[in-house]
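Undergrad: coordinates only, sequence not included:
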């Protein structure tokens, strides 16, 4: 047996990752082995202010805590099952013994409710991976059971200044209900980064000119999410299969993260500002209400709503002049549900929801605390054109 | 401030792109700045003969005019809003000041109905990008508001002979209606290249042995379109994040264009002929009727149709022996709707619709005018086998 | 005309591919040309024990026989049409004369029912391609008409030890029916590799340390399948457009295979075990029943089922404590349908279906015959944690 490296330590061996809206799993070292412990269970989870779900996860959280270790580490992971049914854990992307792979029935017996199982293996690789059940996984993932695994390269030469972890998923939560529906195949109405929907998503706060890494994962049931960033472009540098050779790294402003993959991107934050980062599917940056209405663009629907809502509380006529007006009209919504739109921004309402967050690239950043809105330099904001400008430039707008 | 290059000019600085079924936005130069003007509004748009929609777009068109500029240019873009609701314009993929990014509420106030706003920024990059609203974008894009941006490389060494722009989108237009439905998430029934469905799509006419570039974009709501070409293979040379290093360029006959991305492909047209180019999802090369019928393969459904259509005009039994017969049977269709199938071709009916067009690779091409059908050299067309051939080759077909 | 190479022969010129659950099309050589013959028709096809469909295909099979030839070969392919409607064959990815391309109406007249057509062309390329109809293709593919084409590189220097062919597709077969529904766009309920759903899929049997190639294809109607492998990582080395330069080959544990593409992966099988390989969309590793139930997680639904099933035979309440219990409860299912779950495994029930198969990496493999379950070395299987271990490691699970 080859001599094992000493367990990797934060600071000395790696710069810890940041999991927005999440946390990192603590470990202890016993006889040179990193010991970690995950406990499955049910709990209330707030997706965004106004919408709480009855979810399943690890350590009372969805997404579960990020497992952060170092190439060459040996880990012993205890899993205590507090669900009402069996479970198992698959360590997606990790090369390990067949019996530690977590496929219930094939690699191991399922973990009965109320019991604690033990997994132990070496990490002879580095990169970004995921963990999730492989017993009744359609149900257990639909209810929130998933997390990320980061294995840092031992002796990494060029560590990024900021290293973020972002896991996508999709949910069906009927208006006025709180239990995610695992049978949904198509019409998901709550779309999340790290199990949070905008405006519940924490911003990614970045120092100007920082080297930034973002490790995207996707454990959605069905959707390959195209994650788009504004104001900059990144390179795709790795997958859950390993690093991509530099010549093979595609530049993108939108990285497609297929179901069951991770995609690591890197960029230098040379452009200051408040930059949207979101799934580019238009229905994935909306919240619940946008998925249940009927659209009346061009119609006079003023009297329809009140009457219909007596029978069907989720009913809402989408505006006759488009839907942007729903952002500000403050209509009453059913109990435990969120309107389709987002939050007040610095220049009006931001009518986004779901898989939407903001990169805040600033000078003099010292923490992930929200620095507020960007202060635009004079003359750099789109604005109403003046009459003199229109005339000078020969623009006829009448 | 660095000295700005003089504004790039067509011919001298670039070979203009071709937008099939579309056009390029004119510009004027004022004090060294390229001035452009877009006006939003509502209009009737013909998707294909027989189907007209009540759409929203720019300058009375969907797709909007292609913005064609040159690396190093400074642009001042006026946007006049003639919609019944506010709007904004996001310049997808362009690296610009935060306040010019077009996210309503975050980067700017929305442009009220009836007003003209002004965007101004430098183009310090080159490639293929897109523009679309970032206010109520689910609705506004679903109704047709989108266009392409081409920024030519200044001093490009090897310009292509032909340079095409193709933007994909998807729509839901109920049979017999004309207003696209922005609430549709799944069952889109009008699929388009540059907002046209076959047989409304103009062919791409190409000189034999030309070096060809096609710049694909996708602003569909939900679908990542796999665009397949017949008779040749291409290389994926760039995304909206920039050029791909030569060793990283994948050869493909089908390029996946995810939502919210551009994919630029290049090839040399060495193979003469009429080559189909289409989305490979089978439901995306059909038109409306294919999305609303019931299928009776293997059943005797002859008497069902007439009776059912009295109640439900869109009803149509899909053929008992498959659906190809719908191409030629000339059944009556409801007002303002198009059957599932395409058009008469040189060798029978072409039973395709939606995202389908034809590359016509010919000798002695002088324009984009349709050169008619390809004249196959003798002996190069699939045909009925002769009795002597079957015997010579030992083929038993009885 | 350039001198043609002699027809490539198995063993001498290539190591034949393995099509799990399938077969290779025989050929004969006539005057230096490889003669092949495909006959279309209808037949009963077993997707998995318990589910038989009334399908269409080639030579009485779906997927059709794999066409296996060599770069430089000339082929003459006869196609006899025994369907009740016309057909044509498109040779996806092959560079050939326009008239041999198989697009009905455009490249050729459709092949009438009862007739035999003849295609003839040279193969001046190598790689992995597909064949399928291009007449009423939505219907004909939905019923099973598709197959793979492998063109071996002439004089390939480093042949793989094992070379597999895996073609994905998706079907809608209503519970209790047997005819796939070509009108389905979204809710496919039978997902297959080589037209088989787990547990009907044959394992891929691999010698430890073998160099392995897997050629994935996807002719699903709508889904881009992310095919995930456990216990190892592979490199994506080619598409249907050709080989990818080594620096551009992405490592993956999940290869996204878009509709209408092929993706060839390679790896060395250094890790012994039973490794799951499956589509990572959670609804694509289930069989029919998982797509038609209502979910009652958290509810007491014991009396609902029997009553409902009197009216609706397909009804089944998904378990109140998740769905894993459906794997073992042995409930009665409607005629000709399969439950959502898989089969008994070595350590309990494997609750998977659909696009799921197993790579069996073993020492001393001599054939594709199933070697049974993997014998784990002692101490390499996840198991219940002992009290002493929990105390030693300071884990509190109470």
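TA: Received the coordinates, thanks. None of these values were measured; they are calculated from a predicted model.
Undergrad: name every strand pairing with the lengthiest strand in chain A and say which way it goes.
TA: If you go by DSSP state E, chain A has its longest strand at strand A:33-48. Strand pairing for strand A:33-48, determined by DSSP bridges: strand A:28-30 (antiparallel), strand A:51-58 (antiparallel), strand A:74-81 (parallel).
Undergrad: name the residue closest to the centre of chain A, please.
TA: By C-alpha atoms, centre = their mean, chain A has its centre lying nearest to residue A:193, at 1.8 Å.
Undergrad: returning to that earlier point: tell me which of the strands paired with strand A:33-48 approaches residue B:46 most closely.
TA: strand A:51-58 (42.4 Å; C-beta to C-beta). In short, each C-beta sits where N, CA and C put it, glycine included.
Undergrad: pull out the buried positions in that closest one.
TA: A:51, A:53, A:54, A:55, A:56, A:57, A:58 (16 or more other C-beta atoms under 10 Å in any protein chain shown).
Undergrad: what residue ranges in chain A score low on pLDDT?
TA: A:1-3, A:289-333, A:339-341, A:398 (pLDDT under 70).
Undergrad: where exactly do the helices run in it?
TA: For chain A, the helices defined by DSSP state H occupy A:137-142, A:304-311, A:387-392.
Undergrad: and the first one, what's buried?
TA: By neighbour count, and taking 16+ other C-beta under 10 Å as the criterion, the buried residues in helix A:137-142 are A:137, A:138, A:139, A:140, A:141, A:142.
Undergrad: quick one: the second one from chain C, how far?
TA: This means residue A:138. For residue A:138, the distance to chain C (C-beta to the nearest C-beta, to the nearest Å) stands at 4 Å.
Undergrad: check contacts around the nearest residue to that residue once chain neighbours are set aside.
TA: Leaving aside its sequence neighbours, residue A:138 sits nearest to residue C:282 (C-beta to C-beta, 6 or more residues apart in numbering or on different chains; 4.2 Å). Residues in contact with residue C:282 (C-beta atoms under 8 Å, 6 or more residues apart in numbering or on different chains) are A:137, A:138, A:141, A:142, A:221, A:222.
Undergrad: dump the residue contacts of the closest residue to chain C within the stretch 201-350 of chain A.
TA: Closest to chain C within the stretch 201-350 of chain A is residue A:260: 2.6 Å, counting by C-beta to the nearest C-beta. The neighbourhood of residue A:260, defined by C-beta under 8 Å, 6+ apart, consists of A:92, A:218, A:219, C:226, C:228, C:254, C:280, C:281.
Undergrad: just the buried ones among the residues you listed, please.
TA: Looks like the contacts of residue A:260 have A:92, A:218, A:219, C:226, C:228, C:254, C:280, C:281 buried, using 16+ other C-beta under 10 Å.
Undergrad: can you pick out the ones from these that are in strands?
TA: Per DSSP E, the subset of those in strands is A:92, A:218, C:226, C:228, C:254.
Undergrad: distance from stretch A:95-115 to the middle of the chain?
TA: Centroid separation for stretch A:95-115 versus its chain: 27 Å, with C-alpha atoms, centre = their mean, to the nearest Å.
Undergrad: make that stretch A:139-153, sorry
TA: 11 Å.
Undergrad: please apply the same query to stretch A:211-218.
TA: Using C-alpha atoms, centre = their mean, the offset of stretch A:211-218 from its chain centre is 10 Å.
Undergrad: so residue A:215 bridges to which residues?
TA: Here residue A:215, judged by DSSP bridges, has bridge partners residue A:165, residue A:264.
Undergrad: what residues are up against the closest residue to residue A:23 other than its chain neighbours?
TA: Spatial nearest neighbour of residue A:23, excluding adjacent residues (C-beta to C-beta, 6+ apart): residue A:65 at 5.3 Å. Residue A:65 sits next to A:19, A:22, A:23, A:24, A:25, A:38, A:58, A:59, A:147 when contact means C-beta under 8 Å, 6+ apart.
Undergrad: if we go to 6 Å?
TA: A:23, A:24, A:25, A:59 (C-beta atoms under 6 Å, 6 or more residues apart in numbering or on different chains).
Undergrad: and residue A:255, by the same measure?
TA: A:227, A:236, A:263, A:265.
Undergrad: so which of those residues also contact chain B?
TA: Counting by C-beta under 6 Å from any C-beta of the partner chain, the subset of these that neighbours chain B is empty.
Undergrad: neighbour count added to the residues you listed, as JSON lines?
TA: Formatted as JSON lines, those follow (neighbours: other C-beta atoms under 10 Å in any protein chain shown):
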{"residue": "A:227", "neighbour count": "28"}
{"residue": "A:236", "neighbour count": "22"}
{"residue": "A:263", "neighbour count": "25"}
{"residue": "A:265", "neighbour count": "26"}
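Undergrad: farthest pair in the residues you listed?
TA: A:227 and A:236 (10.9 Å).
Undergrad: quick one: the strands in the stretch 201-350 of chain A, in order.
TA: A:204-207, A:211-218, A:225-229, A:234-239, A:242-243, A:251-252, A:254-257, A:261-268, A:273-279, A:294-295, A:317-318, A:343-345, A:348-350 (DSSP state E, counting those that start in this stretch).
Undergrad: what angle separates the second one from strand C:225-229?
TA: Right, strand A:211-218. 100 degrees (axes from the mean of the first three to the mean of the last three C-alpha atoms, to 10 degrees).
Undergrad: against which helices or strands is strand A:211-218 packed?
TA: If contacts are counted by 3 or more C-beta pairs under 6 Å, 6 or more residues apart in numbering or on different chains; DSSP states H and E, strand A:211-218 sits against strand A:162-171, strand A:261-268.
Undergrad: which other residues reach that strand?
TA: Under C-beta under 6 Å, 6+ apart, the answer for strand A:211-218 is A:128, A:130, A:148, A:160-168, A:206, A:225, A:227, A:257, A:259, A:262-269.
Undergrad: no further queries at this time; thank you.
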